[in-house]
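J.: fold the following and give me the result.
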Amino acid sequence: MEVAAAAVGWKLDTTIIFLENQLLQRLFTPSLAQRYEELYKQNGVKFSKVAAAKLGDGSTIEADTVTILL
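T.: Numbering: from 1, shown residues only. Reported below is the predicted structural model:
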């Protein structure tokens, strides 16, 4: 969340991608998660929920969990 706030402050295109049904589900109640999401959206952050992974060959695999290795 802090990185997203900084990135959008630097005028970078910023999207938070999460797996749960709500933002930081283990930390926030649904109403608090909604308030944070609205605040971040007002400041230019986009949100998306992972539902699938698109592979290099163009095929798509539905996924509950995605791990990114850099």
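
J.: what's the local residue count around Tyr40?
T.: Look at Tyr40: counted by other C-beta atoms under 10 Å, it has 19 neighbours. Where you see a C-beta, it was placed from the backbone N, CA and C, and this is true even at glycine.

J.: and the one helix or strand it maps to, what's its mean pLDDT?
T.: With the criterion set as DSSP states H and E, the secondary-structure element containing Tyr40 is helix 30-42. Per-residue confidence for helix 30-42 averages out to 93 on the pLDDT scale.

J.: helices or strands up against it?
T.: Using 3 or more C-beta pairs under 8 Å, 6 or more residues apart in numbering; DSSP states H and E, the elements in contact with helix 30-42 are helix 2-9, strand 46-49.

J.: rank those by pLDDT, which is bottom?
T.: strand 46-49 (a mean of 85).

J.: export the helices and strands packed on helix 30-42 to a markdown table and tack on distance to Arg35?
T.: Conversion of the helices and strands packed on helix 30-42 to a markdown table gives the following (distance: least, C-beta to C-beta, whole Å):
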| stretch | distance to Arg35 |
| --- | --- |
| helix 2-9 | 15 |
| strand 46-49 | 13 |
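
J.: ok, the spatially most central residue of the chain to Ser48 distance?
T.: The residue at the geometric middle of the chain, judged as the C-alpha nearest the mean C-alpha position with C-alpha atoms, centre = their mean, is Ile17 (2.0 Å). Distance from Ile17 to Ser48, counting by C-beta to C-beta, to the nearest Å: 5 Å.

J.: tell me the residue furthest from the middle of the protein?
T.: Extreme point of the chain relative to centroid (C-alpha atoms, centre = their mean) is Asp57; 24.3 Å.

J.: how about Pro30, nearest residue that isn't a chain neighbour?
T.: Once its chain neighbours are removed from consideration, Pro30 has its nearest residue in Gln22; the separation is 5.6 Å (C-beta to C-beta, 6 or more residues apart in numbering).

J.: show me the residues around that neighbour that make contact.
T.: The contact partners of Gln22, by C-beta atoms under 8 Å, 6 or more residues apart in numbering, come to Phe28, Pro30, Ala33, Gln34, Glu37.
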